[in-house]
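Q: Show me the folded form of this:
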Amino acid sequence: MTDKTMSADEAVARLESGMTLGIGGWGSRRKPMALIRALLRTGITDLTVVSYGGPDVGMLAAAGRIRKLVAPFATLDSIPLEPHYRAARERGAFELMEIDEAMFLWGLHAAANRLPFLPVRAGIGSDVMRVNPGLRTVTSPYADGETFVAMPALRMDAALVHVNRADRRGNGQYLGPDPYFDDLFCAAAETAYVSCERIVDTAELTKEAAPQTLLIPRHTVTGVVEAPNGAHFTSCAPDYTRDEALQRHYATTPWPEFAERFLTGDEHAYRSAVRAWHEGCGEHREEEERR
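A: The predicted structure follows:
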């Protein structure tokens, strides 16, 4: 069996400007942020990003790396609308294909199954069709004759996802309450890079968790990256919750200032910057309490 382990920098070195890039997770939950930070350290740009958007979308948009976004939303969960995404969109920084969540899901299914499209009821009777004039409808060939949206396949050149555990061969495991759709991102992409909290032996994957938690099969994975806290500041249940304090700071800080402090170095530098920031916040709170 092939050992697919690599570093985050090695993974993103395989990406190119102009690619269509899928990003797993959901909002501000289990996003592959270590891979996003590595991507931001490169000059890769002009991306078409496919994502249930969160800070991954916000950071790439703020950095000017997105040419087109395909997404049903961009949220930080506890902060309803991703502010850096919103600012980039308001200044017309990228093209947007905004679609219903179910349409997005069936687009992933279509791509994963190598189909050109799949019919879906979602979107009919809404402004989705108006704001996406390229979408088409299809009529059932059976007696019902119902009309559906023909949701095109969301094919991707590469996908980035983050899970709790993985082995060296590319089998990925989630341990939290929701698998999201990371398996579909991997199956729908030509290449897929899976970061994880910890790489373990294959036999360890099912010792303390059911086989159903093996979300991602190795044949859909190109590379595996061990990245402890690799989803930070988003959540990665049950390993850790969202870093709400840092997320609020991210949401309320001008992008150049945030990027300069937290994103100018490697993962070790990022963790050091986060630790120093939290310590500074603690000192500030103590000072306020003394006053």
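
Q: Kindly check the end-to-end length of stretch 18-29 for me.
A: Stretch 18-29 has an end-to-end distance of 26 Å (criterion: Cα to Cα, to the nearest Å).

Q: Quick check: buried residues in that stretch?
A: Residues of stretch 18-29 classed as buried by neighbour count (16 or more other Cβ atoms under 10 Å): 19, 20, 21, 22, 23, 24, 25, 26, 27, 28, 29. Where you see a C-beta, it was placed from the backbone N, CA and C, and this is true even at glycine.

Q: Quick one: the strands in the protein, in order.
A: 20-23, 47-51, 66-71, 95-98, 117-120, 136-139, 147-152, 156-166, 172-173, 189-199, 223-226 (DSSP state E).

Q: All the helices of the protein, in order from the start?
A: With helices called from DSSP state H, the chain shows them at 8-12, 33-40, 55-62, 83-90, 101-112, 128-131, 182-188, 244-252, 255-262, 267-290.

Q: and the second one, what does it pack onto?
A: Helix 33-40 is packed against helix 8-12, helix 55-62, strand 156-166, strand 189-199, helix 267-290, with contacts defined by 3 or more Cβ pairs under 8 Å, 6 or more residues apart in numbering; DSSP states H and E.

Q: Could I get those in JSON lines, plus columns for distance to residue 85, mean pLDDT and mean neighbour count?
A: Below are those laid out as JSON lines (distance: least, Cβ to Cβ, whole Å; pLDDT from 0 to 100; neighbours: other Cβ atoms under 10 Å):
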{"stretch": "helix 8-12", "distance to residue 85": "21", "mean pLDDT": "98", "mean neighbour count": "20"}
{"stretch": "helix 55-62", "distance to residue 85": "5", "mean pLDDT": "98", "mean neighbour count": "26"}
{"stretch": "strand 156-166", "distance to residue 85": "17", "mean pLDDT": "98", "mean neighbour count": "27"}
{"stretch": "strand 189-199", "distance to residue 85": "22", "mean pLDDT": "98", "mean neighbour count": "23"}
{"stretch": "helix 267-290", "distance to residue 85": "21", "mean pLDDT": "80", "mean neighbour count": "12"}
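
Q: Ok, which of the ones you listed comes nearest residue 48?
A: Closest of the helices and strands packed on helix 33-40 to residue 48 is strand 156-166, at 8.4 Å (criterion: Cβ to Cβ).

Q: ok and the closest one relative to helix 55-62, angle-wise?
A: 140 degrees (axes from the mean of the first three to the mean of the last three Cα atoms, to 10 degrees).
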